[in-house]
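Engineer: Sequence plus predicted model, see below.
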Amino acid sequence: MLAATTPPPSPRPEFGCILDPTSLQRLHELDPQGTHRVVERVLRAFEASLQRLLPQSAQALRDGDHEAVRHVAHTLKSSSASVGALGLSRCCADIESRVRAQQRDGLAEPLCELQAEGQRVLAAVRALLPH
Amino acid sequence: MTSEHAFANDPAGKPPQVLLVDDDEVSLLLTALALRERGFDVTESGGGEHALQLLASWAPDVVVLDAMMPGLDGFATCARLRAMPGYENVPVLMLTGLDDDASITRAYQAGATDFFVKANQWSLLAGRLQYLLRASRTRIELERSQAKLARAQDLARMGSFDWRRGGARSGGSVLLSAQGLRVLGCHDNAPLGLRAILRLVQRSERRAVLRLLRESMRHNAVLATDVPVALHDGRQRIIHIEAEPEFNEHGHGVGYTGIVQDVTDRRVAEDRIRHLANFDSLTSLPNRRQLVWRMERAIEHARRLGHPCAFLLIDLDRFKIVNDTLGHAAGDELLMEVAQRLRACVRHNDQVMEGTLEAAGSRAHRSLEAVGRLGGDEFIALLPEIGDERDAQRVADRILEVMRDPVLVGGQECFVTASVGIAIFPRDGGSVADLMRNSDVAMYSVKSQGKDSSAIYSPQLAGRGREKLELESALHKAIERDELVLHYQPKVDVRSARMVGAEALMRWQRGGTLVPPADFIPLAEESGLILPLSEWALREAARQARIWQNSFDFADAIAVNLPCRVFERSDLIDQIHQNALNYGIPHRMVQLEITETGLMKELQSVIPSLHRLKDINVEVAIDDFGTGYSSLAYLTTLPISELKIDRSFVRDLGVTPQSSGIVTAIIAVARSLNLRVIGEGVESLRQMEVLHRLGCSLMQGYLFSRPIPADELERWLQQTVLPRRAPWIGQAAELDFGSPTPRAIAGRSF
């Protein structure tokens, strides 16, 4: 099979500030020929991860389960950074450090922001994936 | 995914296997991709439990663990992994957060090899993994090489140690490797105090070892010594210690580092080699080398202290016969018994400590006293200090006494006596060589005067003329050394051109030259050696008769010349019996010759033997007949079979008329007494012709053959006599044809 050079993925204009083009470019460079469909696989893994973790964080907030909150934040922090969702990653890092510092009271607000930013990222990712 | 990164330092050239454990699918996927791209063989796992399951059946080269995972997190996984057999040293890299100091600490506590801040910097991660792999390989190689070293040290019974100087009381502590502890028979790993180790040293050696240690330490000298120890389990070993001093930055000695080695086996082997080099393996007595060394030391001491010392050379009188008749095993048995007896005659010392000989008091040389074996049946007794020659004489008498008891070898009683020659330092010589030679002269004088006695060297003994003495001494050894040979001169019957017997003539192969009988037989007769020479000749002739019987059906007799004193010996008949029995031949196949002169001189004592010989069918010929003064009256009664016409008459045949007259008379006498007659020294066809015409057809001489070795005689028969090729054969046939049958031997067919 001839591997046609696929163009690097670029977020549609309306999602421009949600997914960082440089990060996406670096992803693309892992598999420039597109032979292994690396970008698609990473984005799908991320989509699945988001779909699983966003509801978990909402539940954890309701249960007051700080360890679960921390786990979601920690996981999403690095994987969102990998796909260029830098805003989401910053938000996760903020929550993670608050949990570690045991600032239990101020978690509701950043978690709401996590939900909102998470939904935006999810939409942006889906827009990049072929249907 | 192909790799552009060659893992050049991986000996197998295979890509390193990585187990990557991360619960975050995105991270897992990306990290795996990045590592594969850099040439790693990555196996992904989504959690700690799953990873441990994988590890149960497969061992990767390196494990990468995400620290934060739900369920079994990275720390717990790492701790569990370390507890699995075989995973004690596998490199584990823990992925932690950037600002997570606590995780880093926990990672090390859980047994991780290193940590790495989780980020998308794949090249850095790959570099770190390569570094871990290299370190791991180095570690494995180091462990292997340590194991090899330990094994090698164990095989060499060697171990290393480190000693740091301590206070005066404690002596400092010694750090021994596991192998070193084994060498010293210690099983726990506790550091040993120097004092504890010194207590292992055998008590008698402890002081000397301590002195050596102090001396070495004072000079910061290299230490190398062998120490006998008694280990806690009771084993006595010899430990070799070799160590070098260690210095601090100020150049002061602070201790020693080196090895201990169990060298007991080597020392035992060395002792064995030394024993083999210095002792006779058959009798365990000191050998020639050891004896010479002891004699040299004894002379040194005697010279310094001004006392005499003595060498007794002891030679067995009938050893050769025992060896020949009963075999070498019996000979060996005899020598061992003799060695035992001789040892008891002196204050025998097996071991001489060289050190004590130099160091100890003025009586130390007495430890040199011993009996040793020079070789063959020759022994020496060394008396390193005597009052005067009577002391040596007393020891010689004791030796002669113990030797006279019969020795039981091979189930048979043997009587072996000894001849002892004594030489005394300084009177009889100033060196080992002189004293050896003079004790030999003295011993030999005993041999020549009938053995079983001793003699002290005197210049008169040597005055008999060195050359003659040496000849005698050498002839004495000639039999043992197989230097004697018999040559054979055929006797022929010229009528039938056949060989009808042979005369055996003794030759002495001395060095490269063949000594003719005239040069040693008179000496042998004078010294008494003629007896063993004759015994040997009878045995050898019997042996040869048997060989010829086998190879060409020889059925005649080999004649051996014997002096009359042998005929006087009562054991002559026994010997002939014994030889006939040993070689399986009839008695008549060995014939004896006695000279007319000898026979007439000792007639009365010889006659009984002649009768006994006739009784057992051994024929006797009278040699050189016509030169003595035979009493015809006796001649008629003597039980003899053959007259041999002396060569002087044969030589003059056809030259002077008198000679043919004498020959005619001898032939007439022989015919009337019913004796065979044979002409000796026939050298020309003319002599042959005349003899034959006068009625003697049996002859021997150069015309037919010189005396030749046994195998040459066979060749002479094959190539000359049987093909009828010699000039005398044709001539003889003509003669025979032209004359009436001149039967010289009446009543005998030949």
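Structural biologist: Arrived safely, thanks for sending.
Engineer: C-alpha only now, for contacts and for neighbours.
Structural biologist: Noted.
Engineer: burial measure for residue B:574, as a count.
Structural biologist: 10 (other C-alpha atoms under 10 Å in any protein chain shown).
Engineer: same question, the one 10 residues further on
Structural biologist: Residue B:584 has 13 neighbours, counted by other C-alpha under 10 Å.
Engineer: Correct me if wrong: it contacts residue B:546.
Structural biologist: Yes: with contact defined as C-alpha atoms under 8 Å, residue B:584 reaches residue B:546; the gap is 7.2 Å.
Engineer: Show me the domain layout of chain B.
Structural biologist: B:17-152, B:156-269, B:283-464, B:484-738 (automatic domain parsing).
Engineer: quick one: which of those is nearest chain A?
Structural biologist: Among the domains of chain B, the nearest to chain A by C-alpha to the nearest C-alpha is domain B:17-152 (5.6 Å).
Engineer: And the average pLDDT for the closest one is what?
Structural biologist: Mean pLDDT, domain B:17-152: 90.
Engineer: And stretch B:372-387, by the same measure?
Structural biologist: 91.
Engineer: What parts of chain A come near chain B?
Structural biologist: A:30, A:42, A:45, A:46, A:49, A:71, A:74, A:75, A:78, A:79, A:82 (C-alpha under 8 Å from any C-alpha of the partner chain).
Engineer: Max pairwise distance over those residues: which two?
Structural biologist: A:30 and A:71 (27.4 Å; C-alpha to C-alpha).
Engineer: Between those two, point out the one with more neighbours.
Structural biologist: Legend: neighbour count by other C-alpha under 10 Å for residue A:30 and residue A:71, higher for residue A:71 (20 against 17).
Engineer: Which neighbouring elements make contact with the one helix or strand that one maps to?
Structural biologist: Per DSSP states H and E, residue A:71 falls inside helix A:66-83. The contact analysis (3 or more C-alpha pairs under 8 Å, 6 or more residues apart in numbering or on different chains; DSSP states H and E) places helix A:66-83 against helix A:21-29, helix A:38-63, helix A:86-100, helix B:25-37.
Engineer: between that helix and helix A:38-63, how many degrees?
Structural biologist: 160 degrees (axes from the mean of the first three to the mean of the last three C-alpha atoms, to 10 degrees).
Engineer: Mind listing residues that contact the helix or strand hosting residue B:443?
Structural biologist: Using DSSP H and E, residue B:443 falls within helix B:432-448. Helix B:432-448 is contacted from outside by B:292, B:295-296, B:299, B:311-315, B:317, B:419-425, B:428-429, B:452-458, B:461-462, B:469, B:473, B:527-529, using C-alpha atoms under 8 Å, 6 or more residues apart in numbering or on different chains.
Engineer: In chain B, where's the longest helix?
Structural biologist: If you go by DSSP state H, chain B has its longest helix at helix B:122-155.
Engineer: how much space between the residue nearest in space to the middle of chain A and residue B:542?
Structural biologist: Geometric centre of chain A, nearest residue: residue A:80, 3.2 Å, by C-alpha atoms, centre = their mean. Using C-alpha to C-alpha, to the nearest Å, one obtains 119 Å as the distance from residue A:80 to residue B:542.
Engineer: Same check on residue A:34?
Structural biologist: 112 Å.
Engineer: In terms of neighbours, single out the busier of those two.
Structural biologist: residue B:542 (28 against 18).
Engineer: So, low pLDDT: which residues of the stretch 551-700 of chain B?
Structural biologist: Residue ranges of the stretch 551-700 of chain B with pLDDT under 70: B:630-631.
Engineer: Show the residue spans covered by the strands in it.
Structural biologist: B:558-561, B:590-595, B:620-625, B:642-645, B:676-679, B:698-699 (DSSP state E, counting those that start in this stretch).
Engineer: who in chain B is up against chain A?
Structural biologist: B:24-27, B:29-30, B:33-34, B:68-70, B:118-120.
Engineer: how far out from the middle of the chain is the helix or strand of chain A with the lowest mean pLDDT?
Structural biologist: Least confident helix or strand of chain A, by mean pLDDT, DSSP states H and E, is helix A:21-29 with a mean of 84. Remark: helix A:21-29 is offset 14 Å from the chain centroid, using C-alpha atoms, centre = their mean, to the nearest Å.
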